[in-house]
Structure formats: C-alpha cells, structure tokens
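Undergrad: Turn this into a structure:
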Amino acid sequence: MSVAQNSIKLIYGNSHPKLAQLIAQRLGMETAKVCAFQYTNKETAVAVGESVRDEDVYIIQTGCGEREINDFLMELLFIINACKIASARRITAVIPNFPYARQDKKDKSRAPITAKLIANLLQTAGCHHVITMDLHASQIQGFFRAPVDNLYAEPSVLRYVRENFDLSNIIIVSPDAGGAKRVASIADKLDANFALIHKERQKANEVSKMVLVGDVRNKVCLLIDDMADTCGTLVKASDILLSNGASKVVAIVTHGIFSSNAIDKLNASKLDKIICTNSLPLEDAAAKCNKLDVIDISATLAEAIRRLHNGESVSYLFNHAPA
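TA: Predicted coordinates:
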C-alpha cells in the first residue's frame, strides 16, 4: 500500500510512536518532523519542524495512560492548532482510542458530558476531520460538526478468530447487555452461537453481580468487548463461564487500557488468553503478561488515511481488513 506524497503530511505525538511508524510504513512515506515536549513546570509545548502550508495533514495521537492521557490530549490540541495557524489545507486527527469516550452522557446531576467537550476542543483547535476506532458509544459522532469516520476492529478480529480457532467449538459471549449488538454481529459472521452476561454495578468500575444467559458447556468462549480497563469485568465473566461448564475462555478487546492493577488481575485469572489491538501501546503490558496477544490494526488506519486523501469511500473498511 502506498499513497502519493504530494500535499500530505503525517505527524504523530508522543502517545503511540510505534503505531505511527507502522502506519507510515504501510503508506510508504516518512513522518513529518514535530517536537512535542514539556517544560520543567509541566506545560506542554509543540513545534512542527517543516512547512505544512496547503498540505493535507494527518495527526496520529491516541488516548492512553493513567496520568498522561490529559498531557497527550493537550499535545494533540496544540499540534492541531499549530498546523491550523501554519495554513494547513485540511487537518485530520487520527485517534484510535478516543479519550473520555465513556463520559458520553449526563448520568448524574451536575455532571458534564465530557466527550462532547472533547469534540468541541478538537474543532476549536482547528480539526476538520476525525478518524477513530470502535467508539464506546457511536453516538459520539453526533457531538461533532466535522465528519467522523468510526472504523471497526471487527474485520481484523474475524480474520484472527478464523485463523486461530476451531469455529465448530466456539461461542461468542458479551460481558454486558451494551455489547450484545456487537457480539451478535460477530457471531452471525462466524456462524456461531452467542451468550450474554448480565451485570449490575454498585459504582463505576466495580461489578457487584453477574448472571449468564446461554449455554456454554464444553465450548471455547470468546469474550468480546470494546475495551479492557481495570479488567474486573473480564475476570469475573471468565469465572462465571468456567463455572457453567466452558472448556476455555479467551477475551478479545479493541482497546487494551490496562489501568491500575489490571495486569496482575489477568495473570491471576483463569482467562486462557487476552487478545487486543495495538490501538494503544502494549509493550509494557506484553512484557508483564504472557497471556496477551496483539492484533495489528495499522493497515486499517493506513488504508483509511489513503482513501480519505484520495477521495475514496471509507465504508469498505467496515467489513474488510486490509492485507
């Protein structure tokens, strides 16, 4: 895969340089020079090291890190604004894991809708287009006045499952009711049965009760979710499935956040394996957890950039994973 390099610049921040380099390799181009750093007082500063005048600029920055997520967000906003005032023709933010996506509604009195605020910040900074993947709530696209391409990891996941599992002995499981539609879609395409775990929460990130709906006896269960944060849900769900006769449980998630003591939980759990995309940097997690396997989604992001730059349809990527 390659893209004509006239009038295009590929820029990345400090959140996930490895993914940015993989995307650049897929496109057959070099990344533009940019310097993003912090002063001793922790203020973020950026400087784009080459001209972007009348260029089509793609800025790769994902939302990650327990403390760094806000730093990376500010870094992204500053790079966007630097390109805007340097007369870039079009600025596209490539954000594989959209920050604050779970704060997409007013779920209590006097609570902000933070995902909407992030959308406003990106547009005020000068962003003309957003490419992201597996938004926690697809309605977040409606927070933007600019176009948003919400790509799916599903085609890459389907290919991985077909290559690594016996399809006659699997069952697709959703760890909560919210993911039922996603799981049903994957189950249909794999011609497999699916089950659902109903969970109740007393407070955020803490599951109090889980009930299985479906028959998983003697099956390899594939737990499908959009993100793994503290991993409490996945660990409890695996226990429920195994106690109901499952032969093995494998978790597949798009965004491996792994905050707090998530890796310790995974190592101590009965999960056979956890598979996630490289939408977030996973080098540290992989070094600490031998259950972790990674699906590379750089080809999907690179193809989306190529198609957008050339004015082609991006919807092809909703059902196909580039080679």
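Undergrad: Quick one: find the helix or strand in the chain with the lowest mean pLDDT.
TA: Among the helices and strands of the chain, strand 206-213 carries the lowest confidence by mean pLDDT, DSSP states H and E, at a mean of 75.
Undergrad: Could I get the full set of strands for the stretch 151-300 of the chain?
TA: Taking DSSP state E, counting those that start in this stretch as the criterion, the stretch 151-300 of the chain contains strands spanning 170-174, 193-203, 206-213, 220-228, 248-256, 273-277, 292-295.
Undergrad: least reliable of the ones you listed going by mean pLDDT?
TA: Within these, the stretch with the lowest mean pLDDT is strand 206-213, showing a mean of 75.
Undergrad: I figured S279 hits M133, correct?
TA: Yes: if you go by Cβ atoms under 8 Å, S279 and M133 touch, sitting 5.8 Å apart. (Each C-beta comes from the backbone N, C-alpha and C, glycine too.)
Undergrad: how much space between F165 and V220?
TA: Distance of F165 to V220, given as Cβ to Cβ, to the nearest Å: 7 Å.
Undergrad: Can you pull the residues that touch both of those two?
TA: V250 (Cβ atoms under 8 Å, 6 or more residues apart in numbering).
Undergrad: CSV for the strands of the stretch 151-300 of the chain, including distance to A304 and mean neighbour count?
TA: Below are those laid out as CSV (distance: least, Cβ to Cβ, whole Å; neighbours: other Cβ atoms under 10 Å):
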stretch, distance to A304, mean neighbour count
strand 170-174, 26, 25
strand 193-203, 28, 15
strand 206-213, 34, 13
strand 220-228, 18, 23
strand 248-256, 15, 25
strand 273-277, 14, 23
strand 292-295, 16, 18
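Undergrad: With respect to E55, which of the ones you listed lies nearest?
TA: Comparing the strands of the stretch 151-300 of the chain against E55 with Cβ to Cβ, the closest turns out to be strand 273-277 (28.5 Å).
Undergrad: so what strands line up beside that closest one?
TA: Next to strand 273-277 in the sheet, as set by DSSP bridges, lie strand 248-256 (parallel), strand 292-295 (parallel).
Undergrad: which other residues reach that strand?
TA: Outside strand 273-277, the residues touching it (Cβ under 8 Å, 6+ apart) are 96, 133, 153, 156-157, 160, 228, 234, 250-256, 266, 282, 289, 291-297.
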